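>>> Sequence and computational prediction follow.
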Amino acid sequence: MASTHREPQPGDLIEIFRIGYEHWAIYVGDGYVIHLAPPSEYPGAGSSSIFSILSNTAVVKQERLEDVVGGCRYQVNNLLDHKYVPRSAEVIIHAAKSRIGEEMPYSILRRNCEHFVTDLRYGVPECRQVQNFLVGGTVTLGLALATAFTYSVVTRRRQNQ
C-alpha cells in the first residue's frame, strides 16, 4: 500500500487511484475508512474494479484502509478545503458511522463515492471527476461513462422484456 504526502487524520478525504478513475473514502481513524461501494461479499471487492461504476445501488461500508486501497496508490486529498469550511472531525465521523450498512441509489454522475465523502466533510456533495468530464474531461472517464450508460440501457431493456 503506497501513500503519498501525509498520514490521514480522522475526517480526511482519501483519494485512491484506480485504473481509469479515483475511488474516494473518508478516514475515521485506527486504520479504517468509510466509503460508498457496490454490495459485495468480501472487503474491498466492489470498489477495486471499474465495473463497480455499473451498479445502480451502493452500500456504505467501513473497512480497513489497506483492504480498500489494495495495491493502489492513495493520498489524503481534502480537495475542497479552499472552497468550503470542513465540518469538525467528530461531526464527520459521527455522520459517516451513522450511515454504515445503508443501501442507497448509485449514479456515476450524481451519487458516487466522491459525492458521498464530500457531502460528509463539507455538507455539499461535489464530484471533481464528473465536473472535469463535463468541462472537457478525460478519455478514460468518458469511456467509463459510456460503458456505464450502455450497460444501464441494456439492463433496463432486459428487465422490461
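Good, I have the coordinates. Numbering: from 1, shown residues only.
>>> Just the buried positions in stretch 80-95, please.
Across stretch 80-95, burial judged by 16 or more other Cβ atoms under 10 Å covers 80, 86, 87, 89, 92, 93, 95. Quick note: C-beta positions are derived from backbone N, CA and C, even for glycine.
>>> of these, closest to residue 105?
Nearest to residue 105 among the buried residues of stretch 80-95: residue 95, at 18.5 Å, using Cβ to Cβ.
>>> Any chance of the backbone angles for the closest one?
Dihedral pair for residue 95: phi -60, psi -40, per degrees, to the nearest 10.
>>> What pLDDT is listed against it?
According to the prediction, residue 95 has pLDDT 98.
>>> Verify the stated contact: it with residue 120.
Yes - counting by Cβ atoms under 8 Å, residue 120 is a contact partner of residue 95 at 5.4 Å.
>>> beta partners of the residue nearest to residue 105 when sequence neighbours are not counted?
Closest residue to residue 105 apart from its sequence neighbours, by Cβ to Cβ, 6 or more residues apart in numbering: residue 111 at 5.8 Å. Beta-bridge partners recorded for residue 111 (DSSP bridges): residue 107.
>>> Same check on residue 24?
Under the criterion used (DSSP bridges), residue 24 bridges to residue 15.
>>> Could you shift the numbering so residue one becomes 45, and keep it that way?
With the count now opening at 45, the last piece we talked about shows up as residue 68.
>>> ok, it - contacts?
57, 58, 59, 60, 79, 157, 158, 160, 161, 162 (Cβ atoms under 8 Å, 6 or more residues apart in numbering).
>>> Which single one of the residues you listed is nearest to residue 144?
Taking the contacts of residue 68 together and measuring to residue 144 by Cβ to Cβ, the closest member is residue 79, at 10.4 Å.
>>> what's the burial count for that closest one?
Look at residue 79: counted by other Cβ atoms under 10 Å, it has 25 neighbours.
>>> Let's test this: mean pLDDT of the helix or strand where it lies, rounded?
According to DSSP states H and E, residue 79 maps onto strand 76-81. The average of the pLDDT scores along strand 76-81 is 95.
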